[in-house]
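Asks: Let's see this in three dimensions:
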Amino acid sequence: MSGVIRILVVDDEPQIHRFLRPVLSANGYLAERADTGRAALSFMHNNDVAVVLLDLGLPDLDGLQVLNRLRVYSQVPVIVISARDRQEEKVAALDAGADDYLEKPFGVGELLARIRVALRHRPAAADTNVSDCISFPGLVIDSARRLAYVDGKQLVLTRKEWELLQLFSSHAGRVLTHRQILKAVWGLTDVNHIQYLRVYIRLLRQKLGDSGALISTHTGVGYRMADCLPPNQPQVAPSGNHQSA
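Replies: Below is the predicted model of the structure:
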């Protein structure tokens, strides 16, 4: 079934499958069904899956257990879809490796948008023809040269500001928790350093100007950078000699 985009729906509620199967099919996806965590893990061991829609309240394994086991051998995008709306649940799922979190009930349009983002950022074989530049509305990031441009003007960033911006851009469209950001940029995992992180986010947004709105705050959870522009809509960054501070 070459070319088929297979989406695995992991949920023990039959009505969810009855609802999602025609929605996904109408949008060109093949919906596969798993009613338990073990069935989901078995299916993914033996089949190529593009995106996983994972409920947390499964009858055999908790969704977080499924996610932890899956991340041992796969980086397939996982969107958690759950009725659990506590911030602690969201943070735990994202820290465990979920790419996104959607609360039930959810709108079809929002779900399809999250799936499109996940598909754009799923792991792929290395391609030497892929550009090192990532483009957003008004912003271009050149990872190879460690440069960033807003409306064609090169930014002067400190090392930490650059590392933050690069982290966000490489995970565009995904919510990153405070813990994930602190660990990646500073090596810190203590949530007591959140205020420290907020200071740097504020400074980075100021330097980005209007493009600072690309980084949105998810209160009590973390931050999300807007999705990047498709590869066929590049913004050409001017050449420059200045390096980030």
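Asks: Check the separation of the first and last residues in stretch 76-93.
Replies: Criterion Cα to Cα, to the nearest Å; first-to-last residue distance in stretch 76-93 is 15 Å.
Asks: list the buried ones in stretch 49-62?
Replies: Neighbour counts over stretch 49-62 (16 or more other Cβ atoms under 10 Å) mark 49-56, 58, 61 as buried. C-betas here are computed from N, CA, C, even on glycine.
Asks: which strands and helices sit next to whichever helix or strand residue 217 is part of?
Replies: Element membership for residue 217 (DSSP states H and E) is strand 215-218. Contact here means 3 or more Cβ pairs under 8 Å, 6 or more residues apart in numbering; DSSP states H and E; on that basis strand 215-218 packs against helix 194-208, strand 222-225.
Asks: Quick check: phi and psi at the most centrally placed residue in the chain.
Replies: Centroid check for the chain by Cα atoms, centre = their mean gives residue 174 as the closest residue, at 2.5 Å. Main-chain torsions, residue 174, degrees, to the nearest 10: phi -110, psi 150.
Asks: so where's the protein uncertain?
Replies: 1-2, 123-132, 231-245 (pLDDT under 70).
Asks: Buried deepest among the helices and strands packed on strand 215-218, which one?
Replies: Of these, the one with the most neighbours on average (mean count of other Cβ atoms under 10 Å) is strand 222-225, at a mean of 22.
Asks: Domain-wise, how is this protein divided?
Replies: For the chain, automatic domain parsing gives the domain ranges 5-120, 133-225.
Asks: End to end on the shortest one, go ahead and measure it.
Replies: End-to-end distance for domain 133-225: 16 Å, by Cα to Cα.
Asks: do the same with stretch 135-153
Replies: From the first residue to the last, stretch 135-153 extends over 14 Å; the measure is Cα to Cα.
Asks: what distance separates it from the middle of the whole chain?
Replies: The gap between where stretch 135-153 is centred and where its chain is centred comes out at 20 Å by Cα atoms, centre = their mean, to the nearest Å.
Asks: ok so, going back, for the strand holding residue 217, buried residues please.
Replies: Buried residues in strand 215-218, defined by neighbour count with 16+ other Cβ under 10 Å: 215, 218.
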